[in-house]
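> just the structure for this:
(2 chains, ligands or ions: 2)
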Amino acid sequence: MVERTSLSIRDLAVQFESEQGVVRALDGVSFDLQAGRTLGIVGESGCGKSVTARSILRLVDRPGRITGGRILLDPGTPAQADLVALNPDSRQMRAVRGGRIGLIFQEPMTALSVHYTVGNQIMEAVLQHSGASPQEARARAIELLREVGIPRPELRLDSYPFELSGGLRQRVGIAMALAGDPDIVIADEPTTALDVTTQAQILALLRGLQERKRIALMLITHDMGVIAEMADDVAVMYLGRIVGFAPVMELFKAPRHPYTRALLRAVPSILAAPRQRLSTIGGAVPHPGLRPTGCAFHPRCTEALEGRCAREAPPPIPPGQAGASCFLAEAVA
Amino acid sequence: MLIYLLRRLGLALVTCVFISVVAFVIIRLPPGDFVDAFIANLAASGSSVSAEQAEAMRRDYGLDQPVLIQYVRWVGRVLHGDFGVSMVWRRPVTEVIGDRLWLTMVVSLAALFLTWTIALPIGIYSAVRQYSLGDYFFTTLGFIGLAVPNFLLALILMYLGFRYLGLNVGGLFSAEYVQAPWSLARVWDLTKHLPLPAAVLALAGTAQLIRIMRANLLDELRKPYVVTARAKGLTERRAILKYPVRAALNPFASSIAYLFPYLVSGSIIVSLVLGLPTVGPLLLQALVAQDMFLAGAIVLLLGVMTVVGTLVSDLLLMWIDPRIRLEGGA
Ligand SMILES: Nc1ncnc2c1ncn2[C@@H]1O[C@H](COP(=O)(O)OP(=O)(O)O)[C@@H](O)[C@H]1O
Ligand SMILES: [Mg+2]
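Numbering: from 1, shown residues only, chains lettered A, B, ... in the order given. Ligands and ions are numbered 1, 2, ... in the order given. Got it, this is the predicted structure:
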């Protein structure tokens, strides 16, 4: 069954300009989000995952700005809108935030204000996107808290975030993201700050909600385990570009990009021999301001082609197609 | 919450006791005792007191008792509103101070109010529009405000007000109301005279509070919960005013505690320059004339008022920050 495409991102480019120079945080990113499907976005820290999430909501911090590309909501329908063309402060853009696209954060403590009750912060989001009366908003907030599995929501509504455990707080964060009834949800490392048991519960909750509401979920993580459990499709990011894209099974069975292979090797396995050294990717992600020439991954790549990878950049992957932005992958195909 | 309150109250009481000891020490500071000073004072004006009379006075005031007992008795009298007699004015201290204490309060509170109403919007503006022209303008203005001594500003403002606006500057009342009993007209007259001294007194504190507000808000604006608020679809104005500004308000509540003593002591010089009937000039006179009961009483009253200010600021903090209210934390 072909799902409806909710969001199409094409050639998105974001730059941070400072006195030290221009940092190209995103450099031509393209992908689609489909209703009822989960796109996992994976990559090491600093490769532009959060900037992608923020630019979709037009919330990139200064001095960052979108320098190119399109973010199409409801592409191919009469209602199609390019979010890049909107004024970030416009009424239309604010209706999209929370109303069409919900955002779930990494740090459930700092992402909620300690100065207001859970109920206050959720009801505010409800009221923002509906004509509900305060009483109706309260009822809706209770319903939302129940939906995300918070026990005794009537009481929890009057708690402050610091009175809740990390897991409960993240559930509140999810309830808040869903308060405006969005059909697209972006979760930026939603379980990174949680312990393993809670992580599993939150992931299960997210999957349940997504299936029930046919949400298009964009799940950002650096954890291949989370990807394996949650994603339908996977986009691998490196230095502001998508270097690999594949359905999740294919990615794990036959990873096409050397970077993807390196990421998979770095996952600790319970099948590994005891005391076997964990594989790591050599070197560190370079700063996006110091992007290597040619293929940005070549200095760390164990399979780099002598002469070619350092000079020539492999072409980007056409959006929606499985592939890798790598000369080796081309040769195979 | 109760524990927090009780702890604060306890602390306030201890501070009050400490202040009373300081005031008592001030009273006993000059060589000899109060009766010696009194006799010397009388002698200066031509009368004299016999040795028996002096002894009787000493007994009356309990000056023949050990220091600790004297202190306890003095505290007992103070608690009944008896602060002793001013030697210079030959009248009970309470009468001498009269309205001055309340007028000091009124001037200081007016200055505090002005500080807040100016510092809050400018601080928010400077943080939200960091490095804008307006931010630089207010920053420069703020540094000037910090650097100019406020008595100089008082003189300049007085001159300008008098020369160009024909204002009746100086004092807190027009001539016809200085001795008048309290009435609505007198209160209105006071209100008209307040802005100038309040502005002079508020200047440095305002400049300081703008810097604090700007720095705090800049910190808060970077926090993830601000993105959360924006991601809900709130307008920029609402997102900022409801969340980071609220979080940055703590220094405003604390400002009562530290601005108040500063305003009171700052008001001494300004009050002299502007001729305000506050306790400031009185304290100065009392110290110069070694009028120790008067000086001690003023120090004690100002100290206690400051403690009350601190308590009020703690209560405000509790109201602003639910973490303090619910956890009784720092
Ligand atoms: N506020 C900012 N100012 C300057 N550069 C930034 C800012 N935010 C992000 N960047 C740049 O964008 C790159 C990608 O950041 P980010 O998307 O947060 O990475 P991650 O994949 O870990 O989420 C960073 O390496 C940094 O160079
Ligand atoms: Mg990130």
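
> show me where the stretch 101-250 of chain B has helices.
Secondary structure of the stretch 101-250 of chain B (DSSP state H, counting those that start in this stretch): helices located at B:133-147, B:150-165, B:184-193, B:195-221, B:224-231, B:236-242, B:244-248, B:250-274.

> quick check, the longest one touching chain A?
No: contact of helix B:195-221 with chain A is not found when judged by CB under 8 Å from any CB of the partner chain; the minimum separation is 9.5 Å. (Glycine included, C-beta is placed from N, CA and C.)

> which elements pack onto that helix?
helix B:100-128, helix B:133-147, helix B:150-165, helix B:244-248, helix B:250-274 (3 or more CB pairs under 8 Å, 6 or more residues apart in numbering or on different chains; DSSP states H and E).

> 10 Å instead?
On a contact count with 3 or more CB pairs under 10 Å, 6 or more residues apart in numbering or on different chains; DSSP states H and E, helix B:195-221 meets helix B:100-128, helix B:133-147, helix B:150-165, helix B:236-242, helix B:244-248, helix B:250-274.

> residues contacting the second one, please?
Meaning helix B:133-147. For helix B:133-147, contacts defined as CB atoms under 10 Å, 6 or more residues apart in numbering or on different chains pick out B:119, B:122-123, B:125-129, B:131-132, B:153, B:202-211, B:214.

> what residues sit buried inside that helix?
Going by neighbour count (16 or more other CB atoms under 10 Å in any protein chain shown), the buried part of helix B:133-147 is B:Asp135, B:Phe138, B:Thr139, B:Gly142, B:Gly145.

> how far does that helix sit from its chain's centre?
25 Å (CA atoms, centre = their mean, to the nearest Å).

> hang on, the earlier thing: adding pLDDT, write the buried residues of helix B:133-147 out as JSON lines.
JSON lines is the format used below for the buried residues of helix B:133-147 (pLDDT from 0 to 100):
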{"residue": "B:Asp135", "pLDDT": "93"}
{"residue": "B:Phe138", "pLDDT": "92"}
{"residue": "B:Thr139", "pLDDT": "90"}
{"residue": "B:Gly142", "pLDDT": "87"}
{"residue": "B:Gly145", "pLDDT": "83"}
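
> still on that earlier bit, can you redo the helices and strands packed on helix B:195-221 as JSON lines with distance to B:Gly171?
As requested, the helices and strands packed on helix B:195-221 are exported to JSON lines (distance: least, CB to CB, whole Å):
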{"stretch": "helix B:100-128", "distance to B:Gly171": "11"}
{"stretch": "helix B:133-147", "distance to B:Gly171": "24"}
{"stretch": "helix B:150-165", "distance to B:Gly171": "11"}
{"stretch": "helix B:236-242", "distance to B:Gly171": "40"}
{"stretch": "helix B:244-248", "distance to B:Gly171": "38"}
{"stretch": "helix B:250-274", "distance to B:Gly171": "7"}
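
> and those, which one averages the lowest pLDDT?
Mean pLDDT is lowest for helix B:250-274 among the helices and strands packed on helix B:195-221, at a mean of 77.

> can you pull the contacts of A:Leu203?
Per CB under 10 Å, 6+ apart, neighbours of A:Leu203: A:Ala187, A:Pro190, A:Thr191, A:Leu194, A:Leu219, A:Thr221, A:Gly225, A:Val226, A:Glu229, A:Met230.

> assign a three-state SS to the third one, would you?
If I follow you right, that is A:Thr191. Recorded secondary structure, A:Thr191: coil (DSSP: H, G, I helix; E, B strand; the rest coil).

> now do the contacts for it.
Counting by CB under 10 Å, 6+ apart, A:Thr191 touches A:104, A:106, A:108, A:167, A:170, A:198-203, A:206, A:219, A:221, A:223, A:226, A:230.

> in helices, which of these fall?
Counting by DSSP state H, these place A:Gly167, A:Gln170, A:Thr198, A:Gln199, A:Ala200, A:Gln201, A:Ile202, A:Leu203, A:Leu206, A:Val226, A:Met230 in helices.

> want to throw those residues into TSV with pLDDT and distance to A:Arg24?
Output for the ones in helices among the contacts of A:Thr191, formatted as TSV (pLDDT from 0 to 100; distance: CB to CB, whole Å):
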residue	pLDDT	distance to A:Arg24
A:Gly167	91	37
A:Gln170	94	32
A:Thr198	91	36
A:Gln199	92	33
A:Ala200	93	36
A:Gln201	93	38
A:Ile202	94	33
A:Leu203	94	32
A:Leu206	95	31
A:Val226	92	27
A:Met230	94	29
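
> could you give me the ChimeraX syntax to select whichever of these are buried?
Typed into ChimeraX, the next command selects the buried ones out of the ones in helices among the contacts of A:Thr191 (criterion: 16+ other CB under 10 Å):
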select /A:167,170,198,199,201,202,203,206,226,230
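
> take the ones in helices among the contacts of A:Thr191 and write them to CSV, including distance to ligand 1.
Shown next, in CSV, are those (distance: CB to the nearest ligand atom, whole Å):
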residue, distance to ligand 1
A:Gly167, 22
A:Gln170, 18
A:Thr198, 21
A:Gln199, 18
A:Ala200, 23
A:Gln201, 24
A:Ile202, 19
A:Leu203, 19
A:Leu206, 18
A:Val226, 14
A:Met230, 17
